[in-house]
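[1] let me see the structure of the following:
(chains A, B, C and D)
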Number of protein chains: 2
Amino acid sequence: MNLSNIDSKNHINFLSGLSLFENIQAVEIESMLPQLKIKKYQKGEIFSFDINNRPRLYLTFIGQFKLTKINERGDEMILRVVNAGEVISPMHFSHYYDVSAEFIKDTTLLYFSEETINKLVKENPKFAKNIINMLAESVQSLMVTAEVWRLKNTKERLGWFLASVNNANLGKLPISKSLLASYLGMTPESLSRALKKLSEEGIKLENKTIVQKTGKELCEYCDKVIGSDCNVFGSHECPLFNS
Amino acid sequence: MNLSNIDSKNHINFLSGLSLFENIQAVEIESMLPQLKIKKYQKGEIFSFDINNRPRLYLTFIGQFKLTKINERGDEMILRVVNAGEVISPMHFSHYYDVSAEFIKDTTLLYFSEETINKLVKENPKFAKNIINMLAESVQSLMVTAEVWRLKNTKERLGWFLASVNNANLGKLPISKSLLASYLGMTPESLSRALKKLSEEGIKLENKTIVQKTGKELCEYCDKVIGSDCNVFGSHECPLFNS
DNA sequence: TTAAAAACATGACCTATGTCAAGTTTGACT
DNA sequence: AGTCAAACTTGACATAGGTCATGTTTTTAA
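    Numbers count the residues shown, from 1 in each chain, chains lettered A, B, ... in the order given. Next comes the predicted model:
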């Protein structure tokens, strides 16, 4: 796909807003544009990161998709829900690891090839640092996810997710309930029941928005990683530092 | 702790054998030694990666420990079992993430401070690439672990672990059964029962060593990521490519 | 070599969460 | 506005795997 001037401007703006391009000068980003490829996907489409299109780094320009693994029995695990502005780099996965993207909304992905990224890492220590930060964040988020799955029951998992949404997304649920259930590793039925229990504690969902009775109920489900986005984090009001 | 000449030699040999120092010249490694610190721990000791000693990168010179998270109820999750020659970099974790190391054997850790590592990343693109590879491996291994926990039952989890040990470690179990149970997210009782089911399929543990009836039984539990270490991987004998 | 402790195995029972089936609500498209 | 499909809820029931109690084997230490 050829890029018009307007597209180029848009892409430069988009890229320079990403933390992956923090401290990278505009001229330098501009010089990368010829290597930038674009691909559009429709809602519902499935795209497999196989040997031909895994060794890349993808940037979500517009849209939303889920990164999933499916086993022989057909059980699905959602590794991550990727939103506009987020990056995934299957080029850093094992050569033999199969993952698929299933698009939740119409989506436009931008991507660079592995060589382009590796060249940049070699030539620009700041970019290397940004890649390192991105991977470190993936590690962190996977460790937290593992913990949530392993040590929390359904109600706690849901509470944890709502607490994180409340901090990061102003209480607006970014995904549907059934997708959320799958992401949290439970059935929609269990999510429904968990929500019922939470509503007894004063935590409700009204029209995809989180509503708390006093506004503090979700604090019980917060942790230090998601809490660092909260405006009372670390203060005397924050239960995480008062026990 | 001061380092003798002999220690220095040992450490240089040790470091240059790590994939983290691949393609790094011996002189360069030598120049880093003044920044290298050493700490010894005894079996059973617990060490918390808190604010004072998290911003580092640790290299396991001798010994074995488990990286764990514990929740309020006291349930423990093993994130990783770290063996001699392996690296962990809590400096790349979130500022607020608490993890502990519990030493399974007497252990000697070497470490560099965050500044030392970051300086090296800045100055040496090859080292930056090695750090990126290390983090990418962490991401990969956490994704696989998540999949194992989420999509496999106890028997399959154990089978998967035995298959990976069989490929990577010549069939010798590197940890005790109760530690393994905890690592696989089940109770020792469940592991015992899972082992019983596997023995009906011709897979047994004799004196911490895996014994298979025909030698192919574990292939059923293999996947493409752990299989890439196997000597029949990808050939017509390999069930992963024959279905 | 033996005693004590730790690790492991086995059975009975319990519980969280999955499955299935039958509604009910919501939302998208004429 | 009305229709249909999808999303969600609720109840009855099933089951994998946890808990607890007891017995056996292995390891450690004197």
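
[2] wait, residue A:242 touches residue A:236, no?
    Yes - with contacts defined as CB atoms under 8 Å, residue A:242 counts as touching residue A:236 at a distance of 6.8 Å. For every residue, glycine as well, the C-beta is placed using N, CA and C.

[3] can you classify the spatially closest residue to residue A:110 that is not a sequence neighbour by secondary structure?
    Distance criterion CB to CB, 6 or more residues apart in numbering or on different chains; nearest residue to residue A:110, sequence neighbours excluded, is residue A:59 at 4.5 Å. Under DSSP: H, G, I helix; E, B strand; the rest coil, the three-state class of residue A:59 is strand.

[4] is residue A:59 in a bridge, and if so with what?
    Beta-bridge pairing of residue A:59, defined through DSSP bridges, involves residue A:87, residue A:110.

[5] residue contacts, the residue most central in space within chain A?
    For chain A, residue A:82 is the residue whose C-alpha lies nearest the centre (CA atoms, centre = their mean; 4.1 Å). Each residue near residue A:82 by CB atoms under 8 Å, 6 or more residues apart in numbering or on different chains is listed here: A:60, A:64, A:65, A:66, A:67, A:88, A:101.

[6] can you tell me which of these end up in strands?
    A:60, A:64, A:65, A:66, A:67, A:88, A:101 (DSSP state E).

[7] buried members of those residues into ChimeraX, please.
    Only the buried entries of the ones in strands among the contacts of residue A:82 go into this ChimeraX selection, using 16 or more other CB atoms under 10 Å in any protein chain shown:
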select /A:60,64,65,66,67,88,101
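
[8] let me know the closest of the ones in strands among the contacts of residue A:82 to residue B:161.
    Nearest to residue B:161, judged by CB to CB, of the ones in strands among the contacts of residue A:82 is residue A:67 at 24.3 Å.

[9] against residue B:139, how distant is the closest one?
    The gap separating residue A:67 from residue B:139 is 12 Å, by CB to CB, to the nearest Å.

[10] how deep is residue A:42 tucked in, by neighbour count?
    By other CB atoms under 10 Å in any protein chain shown, the residues close to residue A:42 number 10.

[11] briefly note if the biggest helix by length in chain A comes near chain B.
    Longest helix of chain A, by residue count under DSSP state H: helix A:125-151. Yes - using CB under 8 Å from any CB of the partner chain, helix A:125-151 reaches chain B at A:125, A:128-129, A:131-132, A:135-136, A:138-140, A:142-147, A:149-151.

[12] give me the angle between the helix or strand that that helix is followed by and helix A:125-151.
    Using DSSP states H and E, the helix or strand that follows helix A:125-151 in sequence is helix A:154-168. If you take axes from the mean of the first three to the mean of the last three CA atoms, to 10 degrees, helix A:154-168 sits at 150 degrees to helix A:125-151.

[13] what mean pLDDT does helix A:154-168 get?
    Averaging pLDDT along helix A:154-168 gives 94.

[14] and that helix, what does it pack against?
    If you count contacts as 3 or more CB pairs under 8 Å, 6 or more residues apart in numbering or on different chains; DSSP states H and E, helix A:154-168 packs onto helix A:125-151, helix A:177-183, helix A:188-200, strand A:209-212, helix A:224-227.

[15] pLDDT averaged over the fourth one - what is it?
    This means strand A:209-212. 94.

[16] how about it: buried residues?
    For strand A:209-212, by 16+ other CB under 10 Å, it's A:210, A:212.

[17] same question, the last one
    By 16+ other CB under 10 Å, the buried positions in helix A:224-227 come out as A:224, A:225, A:226, A:227.

[18] could you find the closest non-adjacent residue to residue A:143?
    residue B:79 (6.0 Å).

[19] same check, this time on residue A:144
    residue A:225 (5.5 Å).

[20] quick one: contacts for the one you found?
    A:140, A:144, B:94, B:96, B:97.

[21] the fourth one is in contact with residue A:227, isn't it?
    Yes - shown here, residue B:96 and residue A:227 form a contact pair, counting by CB under 8 Å, at 7.4 Å.

[22] any chance of the ones in strands among the contacts of residue A:82 in TSV, plus distance to chain B and pLDDT?
    Output for the ones in strands among the contacts of residue A:82, formatted as TSV (distance: CB to the nearest CB, whole Å; pLDDT from 0 to 100):
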residue	distance to chain B	pLDDT
A:60	18	96
A:64	20	92
A:65	16	93
A:66	14	93
A:67	9	94
A:88	10	96
A:101	14	94
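
[23] just put the ones in strands among the contacts of residue A:82 in a markdown table and tack on distance to DNA strand D.
    Formatted as a markdown table, the ones in strands among the contacts of residue A:82 follow (distance: CB to the nearest atom of the strand, whole Å):
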| residue | distance to DNA strand D |
| --- | --- |
| A:60 | 21 |
| A:64 | 14 |
| A:65 | 15 |
| A:66 | 13 |
| A:67 | 18 |
| A:88 | 23 |
| A:101 | 17 |
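
[24] from the ones in strands among the contacts of residue A:82, which is closest to residue A:179?
    Nearest member of these to residue A:179, counting by CB to CB, is residue A:66, at 7.1 Å.

[25] contacts only, for that closest one.
    Residue A:66 touches A:78, A:80, A:81, A:82, A:101, A:102, A:104, A:179, A:183, counting by CB under 8 Å, 6+ apart.

[26] that one pairs with what?
    Going by DSSP bridges, residue A:66 forms beta bridges with residue A:81, residue A:102.

[27] how much space separates residue A:144 from residue A:223?
    For residue A:144, the distance to residue A:223 - CB to CB - is 8 Å.
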